[in-house]
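[1] sequence unknown, structure follows:
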Ligand code: HEC
Ligand code: HEC
């Protein structure tokens, strides 16, 4: 009986002990990884611990975006949308054709928040704070480029000044597009809008705009993403026609949503208003 008991105990305890030691090893290595994370001050004065931008970021943003902006804040798990990892992801809400946001694009996002992404708007932040935070996230993005370049070209020994230079180029945007206002005789033409929509958008957003055109859409990091339901989901970048024009012309880097470089300005306006029609927004009767 005693012998049997011992073997039962062994059967139970050994796997438990094994499990516990694996857990300990995992925790210790996670802690080591944490402590191995370089301090931001070593990388750049713009994001240094103790700077005003850093403090603002810790107070208002780190809960979701993580202390160093790697998208791993403690609240991230409770959100439906993954908070942006500023080191490894492109920005989506842009007004340029080269996929890089202007500082104004970032300031607009930070000031207005992202409804669907559950990112709060920041009316409590002053313009100065928003400007400092915009520089902060863009600098993290540059550091991400530098990190990848260092890894990629480690064997070739790319020198540090070259890494700094190239990473800076990667986050320097070209001029934003100018959004040309539709002429005074422009009127939304729902038939034309629908034809354009079916040709360029329906394959993803679905023929009725319900976001049901793609089976398993993924973002550029291979994570599942949903195609916006234009009828019932909030439009995060804003339903203002000028913002919609930018979204359609410039696309949303990091997602399947493409830029439309070939369509004429007039066609983009028709699409903007057809999108607004799907959203149930008022349409202009003359001009914009
Ligand atoms: C409650 C969580 C939460 C907080 C707090 C938060 N964010 Fe976000 N943020 C998100 C999510 C989620 C996204 C991704 C939205 C998406 O992809 O649709 C995001 C996206 C962004 C983007 C990317 C915009 C783009 O063009 O792709 C920027 C920049 C940003 N946040 C900055 C900030 C800053 C700065 C703060 C602090 C003032 C902040 N966020 C606070 C959740 C949060
Ligand atoms: C290849 C697939 C694809 C095509 C084609 C496409 N989209 Fe998208 N679109 C997406 C995805 C995916 C998102 C969601 C991106 C995200 O969540 O960050 C999106 C988002 C949007 C948004 C939301 C922007 C915001 O601020 O929230 C609008 C509006 C939109 N698309 C309109 C259009 C229109 C109009 C067209 C045609 C000109 C079009 N899309 C073509 C995949 C596509």
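    In hand now; what should we look at? Bear in mind the structure is a predicted one, so any value in this text is a computation, not a measurement. Numbering: from 1, shown residues only. Ligands and ions are numbered 1, 2, ... in the order given.
[2] going forward, measure contacts and count neighbours with C-alpha atoms only.
    Will do.
[3] Can you report phi and psi for the residue of the stretch 151-288 of the chain found nearest ligand 1?
    Here the stretch 151-288 of the chain gets closest to ligand 1 at one residue, residue 236, 7.0 Å apart by CA to the nearest ligand atom. The phi and psi values for residue 236, taken as degrees, to the nearest 10, are phi -70, psi -40.
[4] Give me the distance between it and ligand 2.
    Separation of residue 236 from ligand 2 (CA to the nearest ligand atom, to the nearest Å) stands at 4 Å.
[5] What's the local residue count around that residue?
    Neighbour count for residue 236, taken as other CA atoms under 10 Å: 18.
[6] Any stretches of the stretch 51-200 of the chain with poor pLDDT?
    Along the stretch 51-200 of the chain, segments meeting pLDDT under 70 span 114-123.
[7] so residue 167, which of the three states?
    What DSSP: H, G, I helix; E, B strand; the rest coil gives for residue 167 is helix.
[8] residue contacts, it?
    Listed by CA atoms under 8 Å, 6 or more residues apart in numbering, the contact set of residue 167 reads 142-143, 145-146, 149.
[9] for residue 78, same thing?
    With contact set as CA under 8 Å, 6+ apart, residue 78 has no partners.
[10] backbone phi and psi for it, please?
    Here is the backbone geometry of residue 78 (degrees, to the nearest 10): phi -90, psi 0.
[11] And residue 218, by the same measure?
    Dihedral angles for residue 218 - degrees, to the nearest 10 - are phi -120, psi 150.
[12] Which residue, other than its chain neighbours, is closest to it?
    Spatial nearest neighbour of residue 218, excluding adjacent residues (CA to CA, 6 or more residues apart in numbering): residue 224 at 4.4 Å.
[13] now residue 46
    Distances taken as CA to CA, 6+ apart place residue 136 nearest to residue 46, at 6.4 Å, with adjacent residues excluded.
[14] any idea how far the residue of the stretch 151-288 of the chain closest to ligand 1 is from residue 95?
    The span separating residue 236 from residue 95 equals 15 Å under the rule CA to CA, to the nearest Å.
[15] Which single residue of the stretch 51-200 of the chain ends up nearest ligand 2?
    Nearest to ligand 2 in the stretch 51-200 of the chain, going by CA to the nearest ligand atom, is residue 200, at a distance of 4.6 Å.
[16] Having no further points to raise, I will conclude here.
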